[in-house]
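*Asks:* sequence-free structure coming up:
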Ligand code: ZN
């Protein structure tokens with residue numbers, strides 16, 4: 001898909017985040033690590049999370065990976081939005097984002113930047129792209145990891161393929 005077509009379909013901010021992401025890289029230290037894959041588009045992502053000392057709040061989220069503008073912009077916006085959120089609030093945001101992709105919700109004022117992804121809900125084939133990083137962060141938050149961020153019981157890859 002050309003950049004021109006994307007510009008027609010999606011808002012400018014998505015392209016800007018894709019071209020100049022602010023949260024690419026890895027956190028230091030890594031408290032949680034989660035890879036995700038969206039086979040329908042070929043997007044891959046690897047999230048790393050740094051938690052606060054108590055382990056109940058997200059200090060920082062970073063991502064690496066390759067994919068379409070939607071998947072990468074969604075990850076960058078998510079990383080920004082989750083910074084400083086408690087794990088409980090972050091999981092509620094995952095829920096809200098997925099509802100937004102069904103056209104059933106949007107974010108309140110404090111997190112309104114995430115609402116730029118709302119337009120994606122009109123393009124069902126792209127919803128998995130937008131949801132990929134949110135699936136991955138939920139898996140990361142729900143897993144019980146050791147200090148290295150490796151959870152031996154968790155699947156390495158979170159795939160969105162199973163979702164309809
Ligand atoms: Zn994609």
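*Replies:* Yep, it's here. Being a predicted model, the structure only gives us computed values, none of them experimental.

*Asks:* hey, where'd the strands end up in this protein?
*Replies:* Assigned by DSSP state E, the strands in the chain fall at 32-38, 43-51, 58-66, 157-159.

*Asks:* from residue 53, how far off is residue 70?
*Replies:* Separation of residue 70 from residue 53 (Cβ to Cβ, to the nearest Å): 35 Å. Bear in mind the C-beta positions are built from the backbone N, C-alpha and C, glycine included.

*Asks:* interface residues of the chain facing the ion?
*Replies:* By Cβ under 5 Å from the ion, the residues of the chain that approach the ion are 41, 43, 68, 71, 129.

*Asks:* any idea which of those residues is closest to residue 103?
*Replies:* Checking the residues of the chain next to the ion against residue 103 by Cβ to Cβ gives residue 129 as the nearest, at 16.4 Å.

*Asks:* so residue 70 and residue 53 - more neighbours on which side?
*Replies:* Taking other Cβ atoms under 10 Å, residue 70 and residue 53 do not tie; residue 70 has more neighbours (29 against 7).
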